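1. The amino acid sequence is not available; the structure is as follows:
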């Protein structure tokens, strides 16, 4: 019998694998949190599958999402990234990735880890929603508004409330698997 998945999952094996193994699973590791933050910022205005299909290219282009290296990128690396057809070549998003790496490390200095900072908004535990239909799943919440505002205050770019809510869903800060999805009770 075919497993029941969330409404947004297409038949694309990459999408199925991402949904089944990653989406909504709580992430506490700073390296993975940074990767998701960057991927979500590049996804703004595009479909997630577009970013997912380019994920490995992003990983290569951005030194394995090593924020310590990204924070030091200079003009030559920026220009190299603009020429890289394997990624989404958006000047503002590439610049934001560099400045976000710098802001990310400032948050680590202040809180000990980015994980401690970001998970502090939900007391370290995922919020388990109980959405049954596509229409019930929000694009933003008061909490994503609050986190977005705080991140912007700390110098982050491309972190609007919609991007942050998608980040929260992806990293398991909220469990937004629909109640009929087999993952709902697994994450």
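-> Now that the structure is in, tell me what you want to look at. Just so it is clear, the model here is predicted, and its values are computed rather than measured.
2. centroid residue for the protein?
-> residue 36 (3.1 Å; C-alpha atoms, centre = their mean).
3. Packing partners of the lengthiest helix in the chain?
-> Counting residues, the longest helix found in the chain (DSSP state H) is helix 91-111. Helix 91-111 sits against helix 30-43, helix 67-70, helix 75-82, helix 114-119, with contacts defined as 3 or more C-beta pairs under 8 Å, 6 or more residues apart in numbering; DSSP states H and E. For glycine as for every other residue, the C-beta is placed from the backbone atoms N, C-alpha and C.
4. Distance to residue 18 added to these, as JSON lines?
-> Putting the helices and strands packed on helix 91-111 into JSON lines (distance: least, C-beta to C-beta, whole Å) gives the following:
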{"stretch": "helix 30-43", "distance to residue 18": "11"}
{"stretch": "helix 67-70", "distance to residue 18": "22"}
{"stretch": "helix 75-82", "distance to residue 18": "24"}
{"stretch": "helix 114-119", "distance to residue 18": "21"}
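5. what's the closest of those to residue 150?
-> helix 114-119 (8.9 Å; C-beta to C-beta).
6. pLDDT on the closest one, on average?
-> For helix 114-119, the mean per-residue pLDDT is 98.
7. List the buried residues in it.
-> Within helix 114-119, the residues that count as buried by 16 or more other C-beta atoms under 10 Å are 114, 115, 117, 118, 119.
8. Contacts only, for the residue nearest to the centre of the chain.
-> 27, 167, 170, 171 (C-beta atoms under 8 Å, 6 or more residues apart in numbering).
9. what's the answer for residue 182, then?
-> Neighbours of residue 182 in contact, by C-beta under 8 Å, 6+ apart: 3, 4, 5.
10. closest to residue 40 among the buried residues of helix 114-119?
-> For those, the nearest to residue 40 is residue 118 (12.4 Å; C-beta to C-beta).
11. The closest one and residue 88: what is the separation?
-> 24 Å (C-beta to C-beta, to the nearest Å).
12. sorry, back to before: in CSV: the buried residues of helix 114-119, plus distance to residue 102.
-> Formatted as CSV, the buried residues of helix 114-119 follow (distance: C-beta to C-beta, whole Å):
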residue, distance to residue 102
114, 12
115, 18
117, 15
118, 17
119, 21
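13. Can you tell me which of these is closest to residue 130?
-> residue 119 (21.2 Å).
14. so that closest one sits right up against residue 173, yeah?
-> Yes - contact criterion C-beta atoms under 8 Å: residue 119 and residue 173 qualify, at 7.0 Å.
15. so residue 161 touches residue 150, yeah?
-> No - at 11.4 Å, residue 161 does not count as touching residue 150 under the criterion of C-beta under 8 Å.
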